[in-house]
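>>> no sequence on hand, only this structure:
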């Protein structure tokens, strides 16, 4: 009996170790390729630190989005939510004169509120989350545009502590710890996986499925709110775009989230999101260092990410993928 | 006089225009194993699903220990002291064993919103130890365990809190003999504590061996409640079906020669970890049985022949030399397969009976312009559904609304409609009542006589002995023995080869 326990524990360790090794390999591989192609202006220690720093922004949103994705739902309003939350945070901090408190509370509350709308509309209207969030994204964009009055919202230099080290790292680490605790040490985490596994059985276990779906969207919104703080602090300003232009902000957090889902089986989903976003940024900055045209960058980045996810996901034979 | 634990009073339940339970009333006593029997679709599972909060009640009440209860879901039912172990898999992937055991009951491990995972795992491991399931570790993901072990986790989950009533719904058919013995031990303990078990099974001998009292339902109507010691298997069959079950149950012919014509040759077939260098031939008009313990590899044989196994090596060849390496080729060459995992691998639950029956025959049903006529599909599905006596409102009914046995009839109707020459049946009578079993056996016999060849994979040794011309016993992914049909053959001959 003991030997089987040891074997199983070993298997668990081997599982997460293998996951880390794969991620590390991908980091080294992506770094190595660009280092060979452009040895002088890419990949120094300082460069890598700055890529990592930039990747933390999207990682924070991605760990929140993970709760939604694991439950089998999707969110197309990520970009609009980030944009709206950043503008609301900026307005709270500057026009209302609430400083850092206004920046964080404003963005956080706005993100959660958008999440609440996403979840509530999805649950009440009983239509696919993709459609609900696409519709709401248009509304969030318009609201952001209205609040900003069509003017670029700039965060004053004195309120940009979260745009540089160590402020950004501290805020991101706090966000990761909160996500980790929610996922592993609260009922929400357990129910997230239960609902994602079999909603019908979860319902029969007395889980208020709709409530937890709305909660997942709120949680996701909260993390996107923090991502908005990091985004506007890093970039110093935010323009309220309309006509679904905010969709371009969906890509990076979503890809990071795919890393999390792919590495769930190794027991390290959040860690995979953080390292995954780092890999995405290495590729992204690698192309910039190469001076490749944007179209080429996008094509190669898209293919690279598809290959990475395909190789790392390793779907069991016969398993249905939708 | 025994004390009443549960009163079922005037219970009714309908699904659309189908009345599944019609004004059912009876009592269940404390400290007894109370069996609930009836044909597929008789209302057994519907009734227990209402008791455990899975279905809502249309009208009528349950009175538990003198108090009316209205469970809203399984956890609510647990809180009233009622739990259930279901026929299919009831654990959730992505969670640990401990999380599965305590799902819906995490409150006592939560302080200030934070779950004490360590304590939860500790208590779950203690529970598993107390049941003798030490090989299962609470901290491991449930996905690390096989079907049987996951069923054992469900048993712990459903019984650890000493419920007043435990419903065991067709669970034994999903378990190997070893798993069944574990379940029987748990049942004995529950009864010793004065609690009650509602036991649903289609194995009438098991019902007679394991239960104290038996309630019979037929077409959603209460028929009778009898004491197990006062009735025989024949009495139960009569009560269930509503008439004497006449005619032969299994085949009655012995010594008839099987054709020499080989229709399928299996050579050197291996599937990593499941099958190892399998060699056999299937003859025209033969029923070839495969038996063994649950994990012997016998269930993979069907998939390997049908081209549904991954990483299969070796050759599966038809008499004309055609190699069967994938499912489309198998179907194209008149091979049919029904999986043991009916809900996940055989039926499309959220599609109509018509869609399910017509699915592999669409090419034949389409006209020259490749167009499908609704009337033609409907007539086709209707004919074969009626041939198989599927209990349904019409062929538009969703398969998810049907009982387990009726789902199986839909699967069989599909392949009969396709008129396949080689039929691979994996556990064809799993969860099927006595009358439908007889129908299936007679159908197999007719098919055999019509020159069709059948491979029957089953954990029920008696049906292998009763139906097959030849039985291959599997062990550790290999053929461990082979026995020809004979009147003197009994279960012991097979068991010695299995273990």
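Received the coordinates, thanks. Note that the structure is predicted; figures quoted are calculated from it, not measured.
>>> residues contacting residue B:132?
If a contact means CB atoms under 8 Å, 6 or more residues apart in numbering or on different chains, then residue B:132 has B:182, B:185 as its contacts. C-beta coordinates here come from the backbone N, C-alpha and C atoms, glycine included.
>>> can you list phi and psi of the residue of the stretch 151-300 of chain A at minimum distance from chain B for me?
Using CB to the nearest CB, residue A:206 is the residue of the stretch 151-300 of chain A that sits closest to chain B, at 2.8 Å. Main-chain dihedrals, residue A:206, degrees, to the nearest 10: phi 90, psi 10.
>>> give me the nearest residue to it, chain neighbours excluded.
residue B:75 (2.8 Å; CB to CB, 6 or more residues apart in numbering or on different chains).
>>> which single residue of the stretch 151-300 of chain B ends up nearest chain A?
Closest point on the stretch 151-300 of chain B to chain A, by CB to the nearest CB, is residue B:157, at 9.6 Å.
>>> nearest residue to that residue in space, please, no chain neighbours.
Nearest one to residue B:157, counting by CB to CB, 6+ apart, is residue B:101 at 4.8 Å.
>>> sorry, back to before: how many other residues sit next to the residue of the stretch 151-300 of chain A closest to chain B?
A count of nearby residues for residue A:206, using other CB atoms under 10 Å in any protein chain shown, gives 19.
>>> could you check the pLDDT of it?
Residue A:206 carries a pLDDT score of 74 in this model.
>>> same question for residue A:13.
Per the predicted model, pLDDT is 56 at residue A:13.
>>> which one is the residue most central in space within chain A nearest to, not counting chain neighbours?
Ranked by distance to the mean C-alpha position of chain A (CA atoms, centre = their mean), the top residue is residue A:62 at 1.3 Å. Nearest residue to residue A:62 in three dimensions, chain neighbours excluded: residue A:256, at 3.5 Å (CB to CB, 6+ apart).
>>> would you map out the domains in chain B?
B:4-241, B:262-498 (automatic domain parsing).
>>> the last one vs chain A: in contact?
In this case it means domain B:262-498. Yes. Remark: domain B:262-498 sits within contact range of chain A at B:310, B:311, by CB under 8 Å from any CB of the partner chain.
>>> in three-state terms, label whatever residue of the stretch 201-350 of chain B ends up closest to chain A for me.
Nearest to chain A in the stretch 201-350 of chain B, going by CB to the nearest CB, is residue B:310, at a distance of 3.8 Å. Following DSSP: H, G, I helix; E, B strand; the rest coil, the label given to residue B:310 is coil.
>>> state the number of residues packed around it.
So residue B:310, with other CB under 10 Å, has 11 neighbours.
>>> and the pLDDT at it?
The per-residue pLDDT reported for residue B:310 equals 80.
>>> returning to what we had before: and whichever strand or helix holds the residue of the stretch 151-300 of chain B closest to chain A, what's buried?
Per DSSP states H and E: residue B:157 is located in helix B:147-159. Judged by neighbour count using 16 or more other CB atoms under 10 Å in any protein chain shown, the buried positions of helix B:147-159 are B:147, B:149, B:150, B:151, B:152, B:153, B:154, B:155, B:156, B:157, B:158, B:159.
>>> what do you get for stretch A:290-305?
For stretch A:290-305, by 16+ other CB under 10 Å, it's A:290, A:292, A:297, A:301, A:304, A:305.
>>> measure stretch B:225-234 end to end?
Stretch B:225-234 has its terminal residues 15 Å apart, counting by CA to CA, to the nearest Å.
>>> got the contact list for the residue nearest to residue B:274 when sequence neighbours are not counted?
The shortest distance from residue B:274 to any non-neighbouring residue, by CB to CB, 6+ apart, is to residue B:300 (4.3 Å). By CB under 8 Å, 6+ apart, the residues touching residue B:300 are B:271, B:274, B:275, B:309, B:477.
>>> pLDDT on stretch B:251-258, on average?
Mean predicted confidence for stretch B:251-258 is 85.
>>> which residues are contacting that stretch?
Residues contacting stretch B:251-258 (CB under 8 Å, 6+ apart): B:283, B:285, B:286, B:441, B:445, B:466, B:467, B:469, B:470, B:485, B:486, B:487.
>>> can you give me the end-to-end distance of it?
Using CA to CA, first and last residues of stretch B:251-258 are 14 Å apart.
>>> and stretch A:145-161, by the same measure?
25 Å.
>>> anything in the strand or helix carrying residue A:227 near chain B?
Following DSSP H and E, one finds residue A:227 within helix A:209-235. No. If you take CB under 8 Å from any CB as the test, helix A:209-235 misses chain B, and the best it gets is 10.4 Å.
>>> and whichever helix or strand comes after that helix, which strands flank it?
For helix A:209-235, the succeeding helix or strand toward the C-terminus, using DSSP H and E, is strand A:237-238. Using DSSP bridges, strand A:237-238 pairs in its sheet with strand A:153-154 (antiparallel).
>>> after the partner strand comes which helix or strand?
Next element after strand A:153-154 (DSSP H and E): helix A:167-185.
>>> show me where pLDDT drops low in chain B?
B:1-2, B:16-18, B:88-89, B:174, B:242-248, B:294, B:499 (pLDDT under 70).
>>> what kind of secondary structure is whatever residue of chain B ends up closest to chain A in?
Closest approach between chain B and chain A, counting by CB to the nearest CB: residue B:75, at 2.8 Å. Three-state call for residue B:75 (three-state DSSP): helix.
>>> what's the per-residue pLDDT of the residue nearest to residue A:153 when sequence neighbours are not counted here?
Nearest non-adjacent residue to residue A:153, counting by CB to CB, 6+ apart: residue A:90, 4.4 Å away. In this model, residue A:90 is scored at 95, pLDDT.
>>> returning to that earlier point: how about the contacts made by the residue of the stretch 151-300 of chain A closest to chain B?
Residue A:206 sits in contact with B:72, B:73, B:74, B:75, B:76, B:78, B:104, where contact means CB under 8 Å, 6+ apart.
>>> please repeat the previous calculation with a cut-off of 10 Å.
By CB atoms under 10 Å, 6 or more residues apart in numbering or on different chains, the contact set of residue A:206 is B:53, B:71-79, B:103-105.
>>> same question, residue B:84
A:204, B:45, B:48-49, B:51-54, B:74, B:77-78, B:90, B:154, B:158, B:163, B:165-169, B:171, B:198, B:200.
>>> mind giving me the ChimeraX command for buried ones among these?
In ChimeraX syntax, the buried subset of those is picked out as below (16+ other CB under 10 Å):
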select /A:204 /B:45,48,49,51,52,53,54,74,77,78,90,154,158,163,165,166,167,168,169,171,198,200
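>>> hmm, back to that, residue A:189 versus the residue nearest to residue A:206, what's the distance?
Distance, residue B:75 to residue A:189, using CB to CB, to the nearest Å: 18 Å.
>>> and for the closest residue to residue A:171 other than its chain neighbours, the neighbour number?
Of all residues not flanking residue A:171 in the chain, residue A:162 sits nearest, at 5.2 Å (CB to CB, 6+ apart). When counting by other CB under 10 Å, one arrives at 23 neighbours for residue A:162.
>>> I figured residue A:162 hits residue A:172, correct?
Yes. Between residue A:162 and residue A:172 there is a contact under CB atoms under 10 Å: 8.9 Å.
>>> what is in contact with the two at once?
By CB under 10 Å, 6+ apart, the residues touching both residue A:162 and residue A:172 are A:57, A:226, A:230.
>>> was I right about residue A:297 contacting residue A:288?
Yes. Under the criterion of CB under 10 Å, residue A:297 makes contact with residue A:288 at 7.8 Å.
>>> before we move on, back to that, so which helix or strand takes in the residue nearest to residue A:62?
In the assignment (DSSP H and E), residue A:256 maps to helix A:251-262.
>>> quick one: that helix to helix A:167-185, angle?
30 degrees (axes from the mean of the first three to the mean of the last three CA atoms, to 10 degrees).
>>> what angle sits between helix A:251-262 and helix A:209-235?
130 degrees.
>>> who are the packing partners of helix A:251-262?
The criterion is 3 or more CB pairs under 10 Å, 6 or more residues apart in numbering or on different chains; DSSP states H and E, and the helices and strands that helix A:251-262 contacts are helix A:2-37, helix A:45-70, helix A:78-94, helix A:209-235, helix A:269-290, helix A:294-313.
>>> many thanks, I have nothing further to ask.
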